[in-house]
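Enquirer: how would this look folded up:
(chains A and B)
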Amino acid sequence: MMLPRLRFRSLSRKLMVGVLMTSLAALLVTGLALLAYDLRSFHERQVGDLATQAEILGRSTAAALQFDDPKFASDSLALLSVRPSIRAGAIYNAKGALFASYLHEGEAKASLPALPDIDGYQVSGRTISYTRRIVADGEILGTVYLRADYEFYSRLLGYLAIVATVGFLSLGVSWLLSLWLQKTITQPIVDMAAVARQVVERRDYSLRARKTTEDEVGYLVEAFNDMLSEIGRRTEDLERFSAALQVEIAERSASERALRVSERRNRTLVEAASSVVWTADRDLRFVAAQPAWQAYTGQSPEGCAGEGWRNAFHPGDIDVLERQWSLARSGDGAFECTLRLWHAASAAHHYVVLRAAPVLDGEQGILEWIGTIADVDDRHRAEAEIRKLNETLERRVAERTRELEATNRELEGFSYSVSHDLRSPLRAIVGYSQMLEEDFGSRLDEEGRRLLTVVRDEAGRMGRLIDDLLSFSRISRQAVDAGAEVDMTDLAREVAADLLRERDPTRVKLDVWPLPRARGDRALLRQVWVNLLSNAIKYSGTKSLSEILVTGESNDGIAHYRVADNGVGFDMKYAPKLFGVFQRLHRSEEFEGTGVGLAIVQRIVTRHGGGVRADGRPGEGATFHFSLPAGGGDA
Amino acid sequence: MHEGGEVQILLAEDNPRDAEMTMRALRKIHFTDRLQWVRDGEEALEFLLGQGRHAGRDVASVPKLILLDLKMPKVDGIEVLRRIKASDALRAIPVVIMTSSAEERDIVEAYDLGVNSYIVKPVQFQDFIDTVAKVGLYWILTNRAPN
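Expert: Got it, this is the predicted structure:
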């Protein structure tokens, strides 16, 4: 229980406690031994003293007893007053009756016992009593009784006080001693510990513990200092070494960086250089070093030496090379071929153009070969890419064409059933209302017949709408043969003649001036003239004389045509609607028509790559312009 | 409708309205009593070949004119035309296609197969009547066919 606590005490404290404990223990043992010895001799001396007194008294009073002279005995007893420590004395006769007595001042007579029956001493409290027979000539004469202060305890206390005092003194001395010990023995160690702590904290190995003695502690301090200087030296070495290492590392990483840069530069150079120059002997063997070749292919000088250079080509291309080479050898000529060569930088075969030319000697023929390698991989790849793209494109075009053809077929099927299925019921409506009129007309009144006529007319109009719509859609999907040369003067005049055949010649004046030839589909262009001229006739019909003029000219390969009339004209703000399907600017009561004619014109002209537009003012006539690719011969 | 005797006109037409109008037009020129109307291409062939519904008919007696619609159920007009022109016995019979279709490809195909005439049925009744009458008169009366 004390040990653990001791463990944490400082060395000086331990030393002090040790010294104090040791001296205290020695002091206690010595003191107690002295005490025991002294008390014992004190006791014996006191008993012996009392016995001697009693003997003396016995002898001196024996005669008094024999002569029964109490006065003498009392005088003898009174002599005891010189011994103040004897408090009382008494002499008893042989019968045990008190013969004489002595009492010290202050002592009560009653304190004397009646007859002491024991022989010897008795200690009771702070008194000691002694009883002795008075014997003379073998006859017991009486008894002597003495009582004295027994000072054993006061002596003990005094002794203890002395021991305690001495103990304190010796402890003080021990403490001083231990202080001195501490100074001489522990201080250097404590100093050393402080130095060690500082060294640990400050990492300063130049610190030293102070050596004050030449004993073992001094040796310890010396060893400690030696150790410190050794550690300091090693640390210094280590630090120097580490600094050197860091410098070395920095140098190395700098050189590595430089190496990397130069390597990258080399690689970039090799990659960038699309041309490699090489030389070979007359048998196409590499004899000299080929730095460019090696850089490109990554072959070692030994690897490409002799015929080794061929290994850098793609195995599948060796045959091509051999063939070219044998051809060239027999013809003594240069050769060139495209091959796949290993490209070390990209770790892949690259397409290259190998060119080789013989260096000729006047007499001996081929002296050696010199050649180049041109990297055409990018071009090759791009070409392949383009090829692939083209294929994709063609495939897509084919797909689109197929889709369009399918759509066209669908449209054709649709318009076929429209033309067939929609017209039949119309024909029946018209036919049956006609039949009704024929067979039962006599029974109908005028209003009934009028209503029947409306039915018939409307059905007929619907039939024309369907027909026009069908022809419009036919023109849209019909193939245009736009390559033929068309004499537009002839065509326009022909159409005009057809249209005027059933007209009153005095009411229509239609002039077709010489027109430039056009390039296009004659049948479709005829439809253009039909629609434009019949429109012109129709919308100028309100005049007493319809005047229609067709003119045209050609420039820059484009033929322009105009059809001008003096008819009702139109408001220019409606011009954009003119060419729409089923778009009409007039009520059908005013002018017959379905509103498809101009849409057909526009469609045909557009499909020829031309354009169409109209000018007009209400009541002042209209002019329709259209253009087409011009034909060869001009009018 | 034909009732015994020699058939002069075979009308193949699935639309009864068109058929009636055709017959009305022909009646105006007094041809109806010698007309056979069939409702589809199949019956037209059966009539011409003396089979099916017309089994036992004297096939040696051929009509002087066949009016043929193109769009008919079962066997269409083009197929009937093909079979007629492929047959030695029937090839000489004049075939006039009367149809609603003004499709160029129909016209081309019909002529390729040897059609004698191709007529687009006019929507206007009067035109229709006139056309049918003209066709009837021409092919029955004007035209000379081998005997």
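Enquirer: What does the residue nearest the centre of chain B show for phi and psi?
Expert: Taking Cα atoms, centre = their mean, the centroid of chain B lies closest to residue B:67, which sits 1.8 Å from it. Taking degrees, to the nearest 10, you get phi -100, psi 120 for the backbone angles of residue B:67.
Enquirer: contacting residues around the residue lying closest to residue B:10 once chain neighbours are set aside?
Expert: Nearest non-adjacent residue to residue B:10, counting by Cβ to Cβ, 6 or more residues apart in numbering or on different chains: residue B:63, 4.3 Å away. C-beta here means a position set from N, CA and C on the backbone, and glycine is covered the same way. Residues near residue B:63 by Cβ atoms under 8 Å, 6 or more residues apart in numbering or on different chains: B:7, B:8, B:9, B:10, B:36, B:93.
Enquirer: Return the closest of those with respect to residue A:435.
Expert: Closest to residue A:435 out of those is residue B:9 (20.1 Å), distances taken as Cβ to Cβ.
Enquirer: Report the beta-bridge partners for the closest one.
Expert: Assessed by DSSP bridges, residue B:9 has beta-bridge partners residue B:35, residue B:65.
Enquirer: any idea which element residue B:73 lies in?
Expert: Under DSSP states H and E, no helix or strand contains residue B:73.
Enquirer: State whether residue A:371 is indeed within a helix.
Expert: No. Using DSSP: H, G, I helix; E, B strand; the rest coil, the secondary structure at residue A:371 is strand, not a helix.
Enquirer: how much space between the nearest residue to it once chain neighbours are set aside and residue A:369?
Expert: Using Cβ to Cβ, 6+ apart and skipping the chain neighbours, the partner closest in space to residue A:371 is residue A:356 (3.8 Å). Remark: distance between residue A:356 and residue A:369 (Cβ to Cβ, to the nearest Å) = 5 Å.
Enquirer: which regions of chain B lie under the pLDDT threshold?
Expert: Low-confidence segments of chain B (pLDDT under 70): B:1-5, B:32, B:147.
Enquirer: Close to chain A: what parts of it are there?
Expert: Residues of chain B found near chain A (Cβ under 8 Å from any Cβ of the partner chain) are B:15, B:17-18, B:21, B:24, B:70-71, B:99-103, B:121-126, B:128-129.
Enquirer: Do you know the pLDDT at residue A:274?
Expert: Residue A:274 is assigned 52 on the pLDDT scale.
Enquirer: re the thing from before, surely the residue nearest to residue B:10 is within a helix?
Expert: No. Residue state for residue B:63 (three-state DSSP) corresponds to coil; a helix is not indicated.
Enquirer: Look through chain A and tell me its longest strand.
Expert: Under DSSP state E, the strand in chain A containing the largest number of residues is strand A:348-361.
Enquirer: what does the stretch 401-550 of chain A have sitting close to chain B?
Expert: So the stretch 401-550 of chain A meets chain B at A:415-416, A:419-421, A:423-428, A:430-435, A:456, A:459-460, A:463-464, A:467, A:470 (Cβ under 8 Å from any Cβ).
Enquirer: ok, now how distant is the residue nearest to the centre of chain B from chain A?
Expert: Going from residue B:67 to chain A by Cβ to the nearest Cβ, to the nearest Å gives 15 Å.
Enquirer: Where do the helices of the stretch 401-550 of chain A begin and end?
Expert: Per DSSP state H, counting those that start in this stretch, the stretch 401-550 of chain A carries helices over the ranges A:423-440, A:446-477, A:488-500, A:522-539.
Enquirer: Please convert those to a markdown table, extending it with mean pLDDT and mean neighbour count.
Expert: As requested, the helices of the stretch 401-550 of chain A are exported to a markdown table (pLDDT from 0 to 100; neighbours: other Cβ atoms under 10 Å in any protein chain shown):
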| stretch | mean pLDDT | mean neighbour count |
| --- | --- | --- |
| helix A:423-440 | 85 | 19 |
| helix A:446-477 | 82 | 16 |
| helix A:488-500 | 92 | 18 |
| helix A:522-539 | 92 | 21 |
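Enquirer: Compare the ones you listed and give me the one nearest residue A:377.
Expert: Nearest of the helices of the stretch 401-550 of chain A to residue A:377, taken as Cβ to Cβ: helix A:446-477 at 48.3 Å.
Enquirer: on that earlier part again, buried ones only from the residues of chain B next to chain A, please, as a ChimeraX command.
Expert: In ChimeraX, a selection of the buried entries from the residues of chain B next to chain A looks like this (16 or more other Cβ atoms under 10 Å in any protein chain shown):
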select /B:15,18,21,24,70,71,99,100,101,102,103,121,122,123,124,125,128,129
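Enquirer: Give me the subset of the residues of chain B next to chain A lying in helices.
Expert: Among these, DSSP state H puts B:17, B:18, B:21, B:24, B:125, B:126, B:128, B:129 in helices.
Enquirer: Show the pLDDT at the residue of chain A most remote from its centre.
Expert: For chain A, the largest distance from the centre (Cα atoms, centre = their mean) belongs to residue A:67, which lies 135.5 Å off. As summarised for this prediction, residue A:67 has a pLDDT of 83.
Enquirer: Please report how far it lies from residue A:60.
Expert: Distance of residue A:67 to residue A:60, computed by Cβ to Cβ: 13 Å.
Enquirer: and what of residue A:391?
Expert: Per Cβ to Cβ, residue A:391 is found 167 Å from residue A:60.
Enquirer: So if I had to pick from these two, which one is more boxed in?
Expert: Between residue A:391 and residue A:60, counting by other Cβ atoms under 10 Å in any protein chain shown, residue A:60 is the more crowded of the two (18 against 10).
Enquirer: which non-adjacent residue is nearest the more buried one?
Expert: With Cβ to Cβ, 6+ apart as the criterion, residue A:60 has its nearest non-adjacent residue at 4.7 Å, and that residue is residue A:76.
Enquirer: host element of the one you found?
Expert: helix A:70-78.
Enquirer: Beyond the worst-scoring helix or strand of chain A on mean pLDDT, next helix or strand please.
Expert: Here the helix or strand of chain A ranked lowest by mean pLDDT, DSSP states H and E is helix A:2-8, holding a mean of 54. The helix or strand immediately downstream of helix A:2-8 is helix A:11-66, counting by DSSP H and E.
Enquirer: isn't there a helix covering residue A:554?
Expert: No. Looking at residue A:554 with three-state DSSP, it is strand, so not inside a helix.
Enquirer: residues touching it, list them.
Expert: A:516, A:517, A:560, A:630, A:634.
Enquirer: And residue A:537, by the same measure?
Expert: Neighbouring residues of residue A:537 by Cβ under 8 Å, 6+ apart: A:499, A:500, A:503, A:508, A:510, A:546, A:548, A:565.
Enquirer: Sort these by pLDDT and name the bottom one.
Expert: Lowest in pLDDT among those is residue A:503, which has 84.
Enquirer: what's the nearest residue to that residue if we skip its chain neighbours?
Expert: Spatial nearest neighbour of residue A:503, chain neighbours left out: residue A:537 (7.1 Å); criterion: Cβ to Cβ, 6+ apart.
Enquirer: And residue A:536, by the same measure?
Expert: residue A:565 (4.0 Å).
Enquirer: now residue A:327
Expert: Counting by Cβ to Cβ, 6+ apart, the residue nearest residue A:327 is residue A:335, at 6.6 Å.
Enquirer: distance of that neighbour from residue A:343?
Expert: Counting by Cβ to Cβ, the gap from residue A:335 to residue A:343 is 22 Å.
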